[in-house]
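**Student:** this one's structure only:
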């Protein structure tokens with residue numbers, strides 16, 4: 001039996017079979033809204049993020065999915081041991097070729113005041129992502 005999910009904007013339909021991450025996204029959105037409205041303390045969101053990651057991290061379809069990377073970063077924000085979460089992202093090669101991985105983590109480290117580590121992550125990102133092709137300047 002397939003359960004259909006409709007996004008809250010009413011723009012598209014998805015089934016659990018077609019995109020198993022989609023129902024998680026809906027639940028995460030609801031939990032985030034509940035957190036910001038004061039309906040819960042955030043523990044529900046942390047547990048939901050953990051469960052989503054545990055369920056989907058072995059699925060190759062999500063290795064380069066920016067939506068899944070965002071879930072990791074939401075989870076990372078609530079963790080005291082954020083370094084181990086980031087190491088797992090690296091080990092699983094989640095969005096390894098996307099500059100956003102390095103940019104978001106470096107900004108996260110900057111907010112924490114870890115400037116040298118942030119610079120190291122920026123450098124790793126620069127060496128790990130495809131170089132942008134520069135348009136030649138015509139005089």
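**Tutor:** Received the coordinates, thanks. Fair warning: this is a prediction, and the values are worked out from it, not measured in the lab.
**Student:** Please make it C-alpha for all contacts and neighbour counts, starting now.
**Tutor:** OK.
**Student:** so how far is stretch 118-133 from its chain's centroid?
**Tutor:** 18 Å (C-alpha atoms, centre = their mean, to the nearest Å).
**Student:** Report the buried residues of it.
**Tutor:** By 16 or more other C-alpha atoms under 10 Å, the buried positions in stretch 118-133 come out as 118, 121, 122, 125.
**Student:** can you put these in CSV and add distance to residue 21 and pLDDT?
**Tutor:** Formatted as CSV, these follow (distance: C-alpha to C-alpha, whole Å; pLDDT from 0 to 100):
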residue, distance to residue 21, pLDDT
118, 30, 96
121, 28, 94
122, 29, 94
125, 26, 91
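**Student:** Kindly reformat these as CSV and extend each row with secondary structure and distance to residue 33.
**Tutor:** Formatted as CSV, these follow (DSSP: H, G, I helix; E, B strand; the rest coil; distance: C-alpha to C-alpha, whole Å):
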residue, secondary structure, distance to residue 33
118, helix, 30
121, helix, 31
122, helix, 31
125, helix, 32
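**Student:** confidence score at the residue lying closest to residue 125 once chain neighbours are set aside?
**Tutor:** Excluding its sequence neighbours, the residue lying closest to residue 125 (C-alpha to C-alpha, 6 or more residues apart in numbering) is residue 102, at 5.2 Å. Listed pLDDT for residue 102 reads 95.
**Student:** counting contacts, what elements does whichever helix or strand residue 102 is part of pack onto?
**Tutor:** Per DSSP states H and E, residue 102 falls inside helix 99-111. Contact partners of helix 99-111 among helices and strands, from 3 or more C-alpha pairs under 8 Å, 6 or more residues apart in numbering; DSSP states H and E: helix 115-128.
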